[in-house]
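Peer 1: structural data only, the sequence is not supplied:
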């Protein structure tokens, strides 16, 4: 009898521990979502994710949201680069895509995830504001994480120019010579690379600059030598 009781105690305590460690997202209505946003205003540990398309995000969004399209091929890679310990508030147009995004995040062990019930539709119906234009989720930390690598450098024959860091969507890379004349302008996705041909560039000093979605610029220099 004692062995049976001991077994039951171990089983129940194990089940309780499992219940405590299991994670799930929480769906909340617009009023509770508004309170959540206000309570975490200005906090670097609170992220608002708009998981609609970039076109939808540009047309109308919740202020200070960051756009990651849940149906894009890069979504899983993008959320892999996020801090799982932060608090995430996720929304879409009507609530379906945000549920998909929340499930993906929970499967990747994100600790605290909230979903907006009914999406932006219910948010607006409840009288809460939206903004238009490029999102404000591209903060200084994200800009600082972007890095341009050119190797080998100086460029002699063929070199690789690669953009590293986390940013959803395209950025524009511009190459200028020492006189400030534009030599190359191309859109790139962070994580991708292009080839620089030293035989197509005159020897000397060159500058690169990344033009980001809100017209922020990050720049640097490299050398061409033959």
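Peer 2: Perfect, I can see it now. Everything quoted here is computed from the prediction, not taken from an experiment.
Peer 1: residue 78 contacts residue 68, correct?
Peer 2: Yes - under the criterion of C-beta atoms under 8 Å, residue 78 makes contact with residue 68 at 5.2 Å. The way it works is simple: take the backbone N, C-alpha and C, and place the C-beta from them, glycine included.
Peer 1: higher neighbour count, the two?
Peer 2: For residue 78 versus residue 68, neighbours defined as other C-beta atoms under 10 Å are more numerous around residue 68 (23 against 20).
Peer 1: distance of that one relative to residue 175?
Peer 2: Relative to residue 175, residue 68 is positioned 29 Å away (criterion: C-beta to C-beta, to the nearest Å).
Peer 1: domains of this structure?
Peer 2: Each domain of the chain is listed here as a residue range: 22-137, 141-224, per automatic domain parsing.
Peer 1: with mean pLDDT as extra columns, can I get the ones you listed in CSV?
Peer 2: As requested, these are arranged in CSV below (pLDDT from 0 to 100):
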stretch, mean pLDDT
domain 22-137, 90
domain 141-224, 83
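Peer 1: winner for burial among those?
Peer 2: Taking mean count of other C-beta atoms under 10 Å as the contact definition, the stretch among these with the greatest mean neighbour count is domain 22-137, which reaches a mean of 17.
Peer 1: gap between that domain and the chain center?
Peer 2: Counting by C-alpha atoms, centre = their mean, to the nearest Å, domain 22-137 is centred 11 Å from the centre of its parent chain.
Peer 1: for residue 186, grab phi and psi.
Peer 2: According to degrees, to the nearest 10, the main-chain angles of residue 186 amount to phi -150, psi 140.
Peer 1: how close does the residue nearest to it when sequence neighbours are not counted get to residue 164?
Peer 2: The shortest distance from residue 186 to any residue other than its chain neighbours is 5.6 Å, reached at residue 173 (C-beta to C-beta, 6 or more residues apart in numbering). Here residue 173 is placed at a distance of 13 Å from residue 164 (C-beta to C-beta).
Peer 1: between the two, which contacts overlap?
Peer 2: Residues touching both residue 173 and residue 164 comprise residue 148, with contact defined as C-beta atoms under 8 Å, 6 or more residues apart in numbering.
Peer 1: who's in contact with whichever strand or helix holds residue 101?
Peer 2: Secondary-structure assignment from DSSP states H and E places residue 101 in helix 96-107. Judged by C-beta under 8 Å, 6+ apart, the contacts made with helix 96-107 from elsewhere in the structure are 23-25, 27, 49, 51-52, 68, 70-71, 75-76, 79, 88, 90-92, 113, 115-116, 119.
Peer 1: also stretch 76-89?
Peer 2: Here stretch 76-89 makes contact (C-beta under 8 Å, 6+ apart) with 33, 36-37, 40, 43, 45-49, 68, 104-105, 108-114, 116, 166, 168, 191.
Peer 1: end to end on that stretch, go ahead and measure it.
Peer 2: Between the opening and closing residues of stretch 76-89 lies a distance of 17 Å (C-alpha to C-alpha, to the nearest Å).
Peer 1: numbering from 35 from now on, please.
Peer 2: I'll keep to 35 as the first residue from here, and by that count the last item is stretch 110-123.
Peer 1: can you tell me how far the residue nearest to residue 91 when sequence neighbours are not counted is from residue 76?
Peer 2: Distance criterion C-beta to C-beta, 6+ apart; nearest residue to residue 91, sequence neighbours excluded, is residue 101 at 4.1 Å. Distance of residue 101 to residue 76, computed by C-beta to C-beta: 20 Å.
Peer 1: can you check residue 224 too?
Peer 2: Distance, residue 224 to residue 76, by C-beta to C-beta: 26 Å.
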